[in-house]
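J.: Compute the structure for the input listed below.
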Amino acid sequence: MKVCIAEKPSVAKEIADIVGAKTRHEGYYEGNGYQVTWTFGHLCTLKEPHEYAPQWKSWSLWNLPMIPARFGIKLIQDKGIEKQFSIIEKLMTAASAVINCGDAGQEGELIQRWVMQKAGCKCPVYRLWISSLTEESIREGFENLKKQEEFNTLYEAGLSRAIGDWLLGMNATRLYTLKYGQNKQVLSIGRVQTPTLALIVNRQLEINNFVPQPYWELKTIYRETTFSVTKGRFQTVEEGETFLQEVLGIPFEVTDISKKQGKEAPPRLFDLTSLQVECNKKFAFSAEDTLKLIQSLYEKKVTTYPRVDTTFLSEDIYPKVPGILQAIAANTIYEPLINPLQTGKLPKSKKVFDNSKVTDHHAIIPTNMRPNNLTDNERKVYDLVARRFISAFYSDCKVATTTVLGKVNNVEFKATGKQILEPGWRVVFEKEKERDPEKENEEERVLPDFVKGETGPHEPSLTEKWTQPPKLYTEATLLRAMETAGKLVDDDELRDALKENGIGRPSTRAAIIETLFKRNYIRKERKNLIPTATGIELIQIIQDDLLKSAELTGIWENKLRKIERSEYKAQNFLDELKIMVTQIVNHVRNDSAYKSITIQNPVNDNTSEPKKNKSKKNSKKEISPKRNSTKENVRTEQIKPTPDDIICPVCKQGKILKGKSAYGCSNWKNGCSFRLNFADCPSETLSNEELQALIDGYKPETE
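T.: The predicted structure is shown next:
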């Protein structure tokens, strides 16, 4: 009997239907030579400190650093998890082969490997590696099962990440809490969360310490066109006045006109970070909201695997493009955009299809499944993905840039304008009403027809302006900063090069930001991220750059990626971390200065929640983890409490309630979005322990 193990019940059911395992048993499906079971996310975890050494149970500076000689895993203590694991263990003991159907990524590999190790799996193991959950993709994956050994380095990278986070998180959190905390308040330190917090704190301090400086700009209006002096800014009003006097009363003369035609390629396809950035800019969705929405679209089979960091497609996707476009065209909104693409052969640009830029997964694109039964917010995200995909097969946008030079009494001026000659891919986005506020000053303008040598009157003016501090981080700009280890980069190719040293992974960055909210290290004002007093003081009290430098953390991330590619040894990475942890402990423990950190109580203002649409139609928040129905359905059901109170994993305030077809949150009136469909549960009659285990399994991993 072949045993397939998926990462959640709903995916297991999809696989069971396809392989012919039609008979349902408790904890698995069976039939046609297959048994299909599932986990609830993590069933196993690394052992706690006291399980390695009894003395590590008590928090003491002199017990640090805690570095186990050998790390071990344990089953998470929960009756529901223990029950499901016993089923998995029994199936694997009698299996002729096991097929790992876990999420096709580093974390998914780690989750399933730990379960198989704990279950003592001895039979051959194969890997189902797919980029979408469509029937076609799953069948194709089963026809091309891979040996588990091909993914050993992926597992090693995931294991190194988990052990590294344990080493730094356990030791540094105890160290700083014992040394600088007050009233037993835990000061959470993390390999990724702390340098991310440092980015936000340092930006705030830059703003606080910024001293505005005045400067003056000389401009003149000639034939309703604004020309700027080529000399640039004037640092003193006297210098500006001198130049102003030189141009007063003297005619403006056009000295040169140049026109340059160029092309603008379609925007890149989405990786997870760029999708989160775009959703934050356009809809004010948090990174976590966007991840949940695109995960839901993936589970509804209408988009591909979301946790990716590439914007390219592999060449084997090209033959599938017509079918994908046909599925998108079923929606009348997109049909007029796709019809022009069906008249000839679709272009195959290297900016879209490049095998060298794709490793495990390709960019996020639609599948060949029609997007039905989507919530409003899911439709918004799907629309972004669909339009990016459609535009990739349109021609470049042709533009003409005109530069006009002029002078007044030897003072030189310049004006530029851009004209779209052929819109090309831009027609795909013409109906978008939202404007990017960061590009408001870049609006295209068409200059009048000037003639070299012409002269005429003009209106010069000298304007006083003040230098501006850097902008506060939003989630969009913070995600970009995490992606490039704090470096401000606009160029796509340069950003690609810096991704290797980004901090965190695309799939975990949203959880890191949410962790900072939950720890009350940051808060949100509109879209801006503001550090709290606790967050600022924590970063200021940390003297060791190894803990808070985005650049250094980026180097560690690069090494983890190299472990995946067999270019770096996992043991070397862990040895370096052990040395670093020891150095940090010794440095802080010997700090003789008396310092403490102000603990600021959190403000219950839902500042980390997404901006809600004020219209009556869309006033209900529709984002929820791992669900397939709208929020309205929760509200029309007769909801009754479960026997024991289980805290909601989303808002951390409400209690879990059981409705007719799903579990919801008692705090739904205040906008909490949690929903867990019975279809995603192993059974509609769950014990409290099983329900708690299922909810725990859906919690995002943090670093």
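
J.: State the distance from the residue lying farthest from the centre of the chain to V408.
T.: Ranked by distance from the centre of the chain (C-alpha atoms, centre = their mean), the top residue is G249, with 57.0 Å. Note on G249: its distance to V408, by C-beta to C-beta, to the nearest Å, is 10 Å. All C-beta spots, glycine's among them, are computed from the backbone N, C-alpha and C.

J.: one step back: residue contacts, the residue farthest from the centre of the chain?
T.: Under the criterion of C-beta atoms under 8 Å, 6 or more residues apart in numbering, G249 has no contact partners.

J.: my read is it is in a helix, agree?
T.: No - using DSSP: H, G, I helix; E, B strand; the rest coil, the assignment for G249 is coil, not a helix.

J.: Could you count how many residues lie near E224?
T.: 7 (other C-beta atoms under 10 Å).

J.: what's the burial count for the residue lying closest to it once chain neighbours are set aside?
T.: Nearest residue to E224, sequence neighbours excluded (C-beta to C-beta, 6 or more residues apart in numbering): P448, at 7.2 Å. If you count neighbours by other C-beta under 10 Å, P448 ends up with 12.

J.: for P448, helix, strand, or coil?
T.: Going by three-state DSSP: P448 is coil.

J.: what's the distance between it and S258?
T.: In this view, P448 and S258 are 15 Å apart by C-beta to C-beta.

J.: in the sheet, who's paired with the residue lying closest to K146 once chain neighbours are set aside?
T.: Once flanking residues are discounted, K146 sits nearest to R127: 4.6 Å by C-beta to C-beta, 6+ apart. Counting by DSSP bridges, R127 is bridged to N100, K146.

J.: Now do the contacts for the residue nearest to E224.
T.: By C-beta under 8 Å, 6+ apart, the residues touching P448 are 223-225.

J.: For E315, see how far away K357 is.
T.: The value you get for K357 to E315, if C-beta to C-beta is used, is 11 Å.

J.: Tell me, how many residues neighbour the residue nearest to K146?
T.: If we define neighbours as other C-beta under 10 Å, then R127 has 21 of them.

J.: looking at it, it is touching L154, isn't it?
T.: No - because the distance of 9.4 Å does not satisfy C-beta atoms under 8 Å, R127 is recorded as not touching L154.

J.: Give me the buried positions along stretch 325-338.
T.: Neighbour counts over stretch 325-338 (16 or more other C-beta atoms under 10 Å) mark 325, 327-329, 331, 334, 337-338 as buried.

J.: mind listing which of those residues are in helices?
T.: 325, 327-329, 337-338 (DSSP state H).

J.: In the residues you listed, find the pair that's most separated.
T.: Spatial extent of these (C-beta to C-beta) is set by the pair A327 and L337 at 13.7 Å.

J.: For the stretch 301-450 of the chain, which segments are assigned as strands?
T.: Applying DSSP state E, counting those that start in this stretch to the stretch 301-450 of the chain gives strands spanning 397-408, 411-422.

J.: State the pLDDT value of R519.
T.: R519 is assigned a predicted lDDT (pLDDT) of 89.

J.: Assign E253 to helix, strand or coil.
T.: strand.

J.: quick one: it and K231, what's the gap?
T.: Per C-beta to C-beta, E253 is found 17 Å from K231.

J.: again with G453
T.: From G453 to K231 the distance is 23 Å (C-beta to C-beta).

J.: okay, the two: which has more neighbours?
T.: The neighbour comparison of G453 against K231 (other C-beta under 10 Å) goes to K231, with 13 against 9.

J.: hang on, isn't that one packed against F243?
T.: Yes - K231 lies in contact with F243 (C-beta under 8 Å); the separation is 7.4 Å.

J.: Can you check which residues contact both of the two?
T.: Common neighbours of K231 and F243, using C-beta under 8 Å, 6+ apart, are 218, 411.

J.: Nearest spatial neighbour of I539, chain-adjacent residues omitted?
T.: Leaving out its chain neighbours, the residue that sits closest to I539 by C-beta to C-beta, 6+ apart is V201, at 4.3 Å.

J.: residues touching that neighbour, list them.
T.: For V201, the contact set (C-beta under 8 Å, 6+ apart) comprises 531, 535-536, 539-540.

J.: Next up, the contacts around A415.
T.: 225-228, 403-404, 406, 447.
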